[in-house]
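> predicted model and sequence below, questions to follow.
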Amino acid sequence: MRHIPDTERRARLARRHAVAPSHRLADPVAATRAMTVLHATEPASVYLSLLARVDGLTVASVDRALFDDRTLVKQLAMRRTLFVFPRDLLPAAWGSASARVAAALGTRLAKEAVEGGLADDGAAWLERARAATLAHLGGGVELSAADLRARVPALTGHLTYSPDKSYGGTVPIAPRVLTQLGVEGRIVRAHSTGHWRISRYTWALMESWLGDVPEPLTPHEGYAELVRRWLATFAPGTADDLQWWLGSTKGAVTRALSDVAAVEVGLDGGGTGWVLPDDLDEEAAVEPWAALLPVLDPTVMGWKERGFYLGEHGPALFDRNGNAGTTAWWDGRIVGCWVQDPDGVVEVRTVDPVPVEAQRALESEAARLTEWLDGQRVSTVYPSPAMKEPR
């Protein structure tokens, strides 16, 4: 069995994720393909993840791919998370990971509509709400959530959850219905109505947005294609990594690995990983490199088992729910995080001692990011403990 040590895994990461400065890519689409998908829970992370991988990136070039060419599309999928997909990968998600999430969310929403007094038949109510929403988006119309609430009576209600618990509350129903239609691939987050750092957008029919909407793949085909792309980006990885990333079942992962003829390899620590059958050649070392990645960057969130690049720093650099904050990298390992001062200047905070060479390289990346942001401050709802430490 081929053995792939942690040093080689870090070299693969540097090249394939285009995070080593000498291996950056030409444009947003190439960088997104390299990562399989980008995390889009926080809109700014899309731009900053691409900036880390593309020299000369501009906000306009990302906007062009998202809103004009539509070669990159936002889609809710694995683990009920919003991602940016290359357009051609959408059918795989629609038939597998997105379909799995859609089924779970739809069942839950129909049940809560009954419990919340919105309807006696939750499934029928949800179908009416979906149909009315789709009707108002017909003909290429784009509407915000507020516009849709004003036009679709079924979207004006509220749900109360866990009233006897401290974490309970009342939430509007409109986002839940729009999320349901979004994960089903019926509607899509269209043009932004604000700047690139905030979630404020209109909704459109997927068929209007894309023009030509292909059929979803079957679940088996969809999972196989997602696993093939993930392995091209993240291999070697374990079956547990894949199951976590996909938000799927062990059975689905086992079948998908078989469908792509994945090959077992040994990992440091005695574990077993998987690679594609044509990916067994040894990867050469990469020159030492530095990078600053944003909150929920796809590199940081690509594996469940992160020891080979994170070490023991998870509690400092992830929040209690497992969301990664900003990260500072040196030569394939996370060595800290980055924050901005009140003037928008990027500062690196290390959690590991680093050599002088690393300090200089990280300072250079901080200066590059500061210049690109040009005084604009990026906020987050997922700060890590290291990011919140006072200075």
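That came through, no problem.
> please enumerate the strands of the stretch 201-350 of the chain.
Taking DSSP state E, counting those that start in this stretch to define them, one finds strands in the stretch 201-350 of the chain at 201-205, 263-267, 272-275, 290-293, 327-330, 333-340, 346-350.
> out of these, which is closest to R229?
Taking C-beta to C-beta, strand 272-275 is the member of those nearest to R229, at 13.3 Å. C-beta coordinates here come from the backbone N, C-alpha and C atoms, glycine included.
> which residues does that closest one contact?
2, 4, 231, 235-239, 242, 257, 262-267 (C-beta atoms under 8 Å, 6 or more residues apart in numbering).
> mind listing what's buried in that strand?
Buried residues in strand 272-275, counted by 16 or more other C-beta atoms under 10 Å: 273-275.
> next one: stretch 96-116
Buried residues in stretch 96-116 (16+ other C-beta under 10 Å): 96-102, 105-106, 109-110, 112-113, 116.
> pick the one among those residues closest to V351.
A97 (32.9 Å).
> okay, the strands of the stretch 201-350 of the chain in a markdown table with distance to V29 next?
Formatted as a markdown table, those follow (distance: least, C-beta to C-beta, whole Å):
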| stretch | distance to V29 |
| --- | --- |
| strand 201-205 | 20 |
| strand 263-267 | 29 |
| strand 272-275 | 25 |
| strand 290-293 | 19 |
| strand 327-330 | 23 |
| strand 333-340 | 26 |
| strand 346-350 | 26 |
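> looking at the ones you listed, which is nearest to V253?
Nearest of these (C-beta to C-beta): strand 272-275, 9.4 Å.
> export that closest one as PDB, just CAs?
Provided in PDB are the C-alpha atoms of strand 272-275 (Å, rounded to 0.1, in the frame of the first residue of the first chain):
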ATOM      1  CA  THR A 272      -6.200   4.800   5.900                       C
ATOM      2  CA  GLY A 273      -6.900   7.400   3.300                       C
ATOM      3  CA  TRP A 274      -8.200   7.300  -0.300                       C
ATOM      4  CA  VAL A 275      -7.000   8.700  -3.600                       C
END
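> so which residues of the stretch 101-250 of the chain form helices?
Taking DSSP state H, counting those that start in this stretch, the helices of the stretch 101-250 of the chain run over residues 122-136, 145-151, 174-183, 206-210, 219-234, 239-246, 250-259.
> by contact count, what packs against the longest one?
Which is helix 219-234. helix 90-95, helix 97-115, helix 239-246, helix 250-259 (3 or more C-beta pairs under 8 Å, 6 or more residues apart in numbering; DSSP states H and E).
> of all those helices, which lies closest to E363?
Closest among these, using C-beta to C-beta: helix 239-246, at 32.7 Å.
> residues making contact with the closest one?
With C-beta under 8 Å, 6+ apart, helix 239-246 has contacts from 78-79, 96-97, 223, 226-227, 230, 234, 249-250, 252-254, 256-257, 272, 274, 302-305.
> ok, the nearest residue to L105 once chain neighbours are set aside - contacts?
Of all residues beyond its chain neighbours, the one nearest L105 is Q180 (5.7 Å), with distances taken as C-beta to C-beta, 6 or more residues apart in numbering. Residues near Q180 by C-beta under 8 Å, 6+ apart: 102, 105-106, 109, 126, 130.
> any idea which of these is closest to L373?
L105 (35.2 Å).
> look up how far R176 lies from the closest one.
Between L105 and R176 the computed distance is 8 Å (C-beta to C-beta, to the nearest Å).
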